[in-house]
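Peer 1: build me a structure from this.
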Amino acid sequence: MFFAGNFVHGIGDVVRADEQDRPAPRVKARVRTESLTLVDTIDFSKWRPDMVVFSPDGTRMAYAVLDGQGRGHIVVDGKAGTDYAGLAGRPVFSADSKRVAYLARNTQDLWFAVVDGVERPDKHPSVKGLSGVSPNLLFSLDGRRLAYVVSVDTGGVAKQFVAAFHQEGAKYDEIAGLAISPDGERLAYAARTGNRWAVVVDGREGPRHEGVMGQTPVFSPDGRHVAYGGREGRRFFVVVDRKRGRDYDDLAGAILFGPDSARVVYSPSVGRRRAVVVNEEELGLYERVDDYSFVFSPDGKHLA
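Peer 2: Now for the predicted structure:
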């Protein structure tokens, strides 16, 4: 059984060891009560603990219940959804916790996203034994839009495209790094053709590289700028709005925009040392830099 709430006991005064022989003071216990809500009763032979997720605000819960053949349903806030022939990945809540989506398969071996209990109309068959839709579903920050990667068979060759904003993007050999701008109006992702990668922004393909670094591309807070890490041979660099920065020996950690969207910071490797670079200006070299320790002031003018 799952319960929402806290167990709180009565609270009294503590008597020290050296006071045990003294007359006990009159104590009035202070008692608080908490309401408890039964969410669900679980058959532990069928539920999937690795597919339990909570909403960002902590008030909602979703999880999968499956039989031995992979058939099952998603339970959201204690209410069981439709039974499907298959499920993949974990349910995903929107940032405002109001919406939830997951990936399901019907008896015709077609995969699709289910959003707030409603099946999306676009359905895709399995490709080479893999689900036709990637389970890495992505909501925009406001929860209005959903994006995901679809795999299709094109003459015996598997290709991928992004389904978002009720549109289908161009087909590529592989797609990664899906990102939606904070205002929910723009879309970016890394796409591979052959052995070359490019970042696609609003359907427009940028320059191609040997590699695009993980956790990129990223949008600026105002959604007007896009940055990503690229690689050519043993050289690494950051590209902002299609403009390539200087080369470095390695590139690790975050690429971070300031709150005013005017500055971008990252920490590349220079030999055995690490630089701190802001708008392509090196602020210094250090033995070690905590990759995720950068903090801008609210106005974006100062960096720690």
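
Peer 1: can you name the residues bridging to the spatially most central residue of the chain?
Peer 2: Ranked by distance to the mean C-alpha position of the chain (Cα atoms, centre = their mean), the top residue is Leu138 at 7.0 Å. As for beta bridges, Leu138 partners with Ala147 under DSSP bridges.

Peer 1: so who does it touch?
Peer 2: For Leu138, the contacting residues are Val92, Leu146, Ala147, Tyr148, Leu178, Ala179, Ile180, by Cβ atoms under 8 Å, 6 or more residues apart in numbering. In short, each C-beta sits where N, CA and C put it, glycine included.

Peer 1: quick one, which of those are buried?
Peer 2: For those, a neighbour count by 16 or more other Cβ atoms under 10 Å gives the buried set as Val92, Leu146, Ala147, Tyr148, Leu178, Ala179, Ile180.

Peer 1: would you map the strands across the stretch 201-304 of the chain?
Peer 2: With strands called from DSSP state E, counting those that start in this stretch, the stretch 201-304 of the chain shows them at 204-209, 211-212, 218-219, 226-232, 235-240, 243-244, 250-257, 264-270, 273-278, 281-286.

Peer 1: could you tell me the least trusted of those strands?
Peer 2: The weakest mean pLDDT among the strands of the stretch 201-304 of the chain belongs to strand 250-257, with a mean of 90.

Peer 1: for that one, packing partners?
Peer 2: Here strand 250-257 touches strand 218-219, strand 226-232, strand 235-240, strand 264-270, going by 3 or more Cβ pairs under 8 Å, 6 or more residues apart in numbering; DSSP states H and E.

Peer 1: so what touches it?
Peer 2: Under the contact criterion Cβ under 8 Å, 6+ apart, strand 250-257 has outside partners 213, 215-216, 218-221, 225, 227-229, 231, 236-238, 263-269, 289, 291-292, 294, 296.

Peer 1: taking their axis directions, that strand and strand 226-232 sit at what angle?
Peer 2: 170 degrees (axes from the mean of the first three to the mean of the last three Cα atoms, to 10 degrees).

Peer 1: buried stuff in strand 250-257?
Peer 2: Quick answer for strand 250-257 (16+ other Cβ under 10 Å): Leu251, Gly253, Ile255, Leu256, Phe257.

Peer 1: over to stretch 205-219?
Peer 2: For stretch 205-219, burial by neighbour count (16+ other Cβ under 10 Å) applies to Gly206, Arg208, His209, Gly211, Val212, Met213, Thr216, Pro217, Val218, Phe219.

Peer 1: helix or strand right after the helix or strand hosting Gly177?
Peer 2: In this structure, Gly177 is located in strand 174-180 according to DSSP states H and E. Per DSSP H and E, the first helix or strand lying C-terminal to strand 174-180 is strand 187-193.

Peer 1: export that next one as CSV, just CAs?
Peer 2: C-alpha atoms of strand 187-193 as CSV (Å, rounded to 0.1, in the frame of the first residue of the first chain):
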residue,chain,number,x,y,z
LEU,A,187,12.7,23.2,-31.2
ALA,A,188,16.4,22.0,-31.5
TYR,A,189,18.1,18.6,-31.6
ALA,A,190,21.3,16.9,-32.8
ALA,A,191,21.0,14.8,-35.9
ARG,A,192,23.4,12.3,-37.5
THR,A,193,23.7,11.6,-41.3
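
Peer 1: for the closest residue to Thr154 other than its chain neighbours, list the residues it contacts.
Peer 2: Among residues not flanking Thr154 along the chain, Lys171 sits closest, at 6.8 Å (Cβ to Cβ, 6 or more residues apart in numbering). Contacts for Lys171 (Cβ under 8 Å, 6+ apart) come out as Val152, Thr154, Lys159, Gln160, Phe161.

Peer 1: any figure for the gap between Lys171 and Val150?
Peer 2: With the distance defined as Cβ to Cβ, to the nearest Å, Lys171 ends up 9 Å from Val150.

Peer 1: overlap in contacts, these two.
Peer 2: Common neighbours of Lys171 and Val150 (Cβ under 8 Å, 6+ apart) are Gln160, Phe161.
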